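Asker: mind folding the following:
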Amino acid sequence: MEQQYQVEQQVLADIPVAVVSHKGDPAKLGASIGRIIAWREKERLPPQLARTFNLLYADPATCAPDAFQMDICCEYPGRVEENDFGVEDGLIPGGNFAVLRYVGDDAGLTDAINYLCRDWLAQSQQQARSAPLMLERVKFFPDVPVHQAITDILLPLN
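Answerer: Numbers count the residues shown, from 1 in each chain. Below you'll find the predicted structure:
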């Protein structure tokens with residue numbers, strides 16, 4: 001059965017974040033994720049209190065491993081103090097976004113992203129903004145089983 005996707009457009013304000021930038025082999029992404037998780041635990045900022053975002057600068061399936069880049073972010077309105085985790089201040093610029101809500105494990109994310117960035121974008125007559133694709137991890141493991149994870153895919157639009 002083919003997945004049915006619904007896309008909405010939303011205008012979002014700037015989102016101040018704490019960020020860990022991962023550059024290089026996607027197979028080593030777990031270490032970067034672990035650093036922001038440890039920082040969040042130290043700061044007492046579980047996902048229920050501070051939204052979680054991933055900014056995707058490259059598709060790991062089509063770029064060389066050393067060219068892969070992704071930012072792992074946590075909503076954070078304050079100034080990030082110097083720390084041993086490599087977490088820094090960041091800002092997700094607001095603006096107009098196409099938003100597709102995806103429910104399921106990460107294995108199906110590629111199909112949903114392709115639909116939004118290829119099919120929906122062509123049909124909508126919108127133009128993508130020169131900014132990274134963004135995932136907001138609304139609910140994720142271990143808070144819910146992996147097949148019940150909720151991810152909003154946000155495509156920046158002009």
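
Asker: where does the prediction get shaky in the chain?
Answerer: 1-3 (pLDDT under 70).

Asker: just the strands in it please.
Answerer: For the chain, the strands defined by DSSP state E occupy 7-12, 15-23, 52-56, 69-75, 88-92, 95-103, 133-139, 150-157.

Asker: buried sites along the fifth one?
Answerer: Judged by neighbour count using 16 or more other C-beta atoms under 10 Å, the buried positions of strand 88-92 are 90, 92. (Glycine included, C-beta is placed from N, CA and C.)

Asker: next up, the contacts around the residue lying closest to residue 115 once chain neighbours are set aside.
Answerer: Nearest non-adjacent residue to residue 115, counting by C-beta to C-beta, 6 or more residues apart in numbering: residue 5, 5.1 Å away. Residues in contact with residue 5, defined by C-beta atoms under 8 Å, 6 or more residues apart in numbering, are 100, 102, 112, 115, 116, 120.

Asker: the fourth one: neighbouring residues, count only.
Answerer: This means residue 115. 18 (other C-beta atoms under 10 Å).

Asker: roughly how far does residue 120 sit from residue 28?
Answerer: Noted for residue 120: a distance of 32 Å to residue 28, by C-beta to C-beta, to the nearest Å.

Asker: between the two, which one's more packed in?
Answerer: residue 120 (17 against 12).

Asker: of all the strands of the chain, which one is nearest residue 32?
Answerer: In terms of C-beta to C-beta, the element of the strands of the chain nearest to residue 32 is strand 15-23, at 3.8 Å.

Asker: who are the packing partners of the closest one?
Answerer: helix 29-43, strand 69-75, strand 88-92 (3 or more C-beta pairs under 8 Å, 6 or more residues apart in numbering; DSSP states H and E).

Asker: could you export those as a markdown table, including distance to residue 145?
Answerer: What follows is the helices and strands packed on strand 15-23, written out as a markdown table (distance: least, C-beta to C-beta, whole Å):
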| stretch | distance to residue 145 |
| --- | --- |
| helix 29-43 | 19 |
| strand 69-75 | 22 |
| strand 88-92 | 28 |
